[in-house]
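have a look at this fold, sequence not included:
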């Protein structure tokens, strides 16, 4: 079973996805986020198809856990915890692979890094539209020349989603705790 610290982070993750504050996530929420990203990132053709497929895969596995939805916050925590308990090592590996795939979609040109513009576009597509917060959040990754390596973002997100060590700095948690309405 996940400890309270990790469950706290999963609750924040749920709230970050539940931008309507409905207390549940639906396939319509997923489609809204996917469509918003495609529009904001100006994706077309194969890039659009690949982005939607990647995001759908993430939502299916880690938000809906193979069910059709909707999923409430408590269901989300229970299903995530069940997956975590069933095979912690596999869960961690799956999260890392999924984070890597999502970040590769955001890295428009396959450069190996994310620019501030790409980062903010991704956040805005999720409804995290506070400009000052987005800039603070991006800068918390210590960008060099306005870029953050994909591996740094992947590691940070994977740690946020799987690390039970509250003594370790968690950049994503720190940022989410500063978001106005999470």
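Sure thing, it's come through. Bear in mind the structure is a predicted one, so any value in this text is a computation, not a measurement.

could you list every helix and strand in contact with the lengthiest helix in the chain?
For the chain, the longest helix by residue count, based on DSSP state H, is helix 88-106. Helix 88-106 sits against helix 45-58, helix 116-125, helix 150-162, with contacts defined as 3 or more Cβ pairs under 8 Å, 6 or more residues apart in numbering; DSSP states H and E. (Each C-beta comes from the backbone N, C-alpha and C, glycine too.)

same question for the shortest one: list its buried residues.
By that I understand helix 116-125. 116, 118-125 (16 or more other Cβ atoms under 10 Å).

can you list these in a markdown table and add pLDDT?
Below are the buried residues of helix 116-125 laid out as a markdown table (pLDDT from 0 to 100):
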| residue | pLDDT |
| --- | --- |
| 116 | 94 |
| 118 | 93 |
| 119 | 94 |
| 120 | 93 |
| 121 | 92 |
| 122 | 92 |
| 123 | 92 |
| 124 | 92 |
| 125 | 90 |
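
let me have those residues in JSON lines, extended by distance to residue 173.
Converted to JSON lines, the buried residues of helix 116-125 look like this (distance: Cβ to Cβ, whole Å):
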{"residue": "116", "distance to residue 173": "21"}
{"residue": "118", "distance to residue 173": "22"}
{"residue": "119", "distance to residue 173": "17"}
{"residue": "120", "distance to residue 173": "19"}
{"residue": "121", "distance to residue 173": "22"}
{"residue": "122", "distance to residue 173": "18"}
{"residue": "123", "distance to residue 173": "15"}
{"residue": "124", "distance to residue 173": "21"}
{"residue": "125", "distance to residue 173": "21"}
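
nearest to residue 179 among those residues?
Nearest to residue 179 among the buried residues of helix 116-125 is residue 123, at 9.8 Å by Cβ to Cβ.

which among the helices and strands packed on helix 88-106 is found nearest to residue 169?
Once the helices and strands packed on helix 88-106 are compared by Cβ to Cβ, helix 150-162 is nearest, at 9.0 Å.
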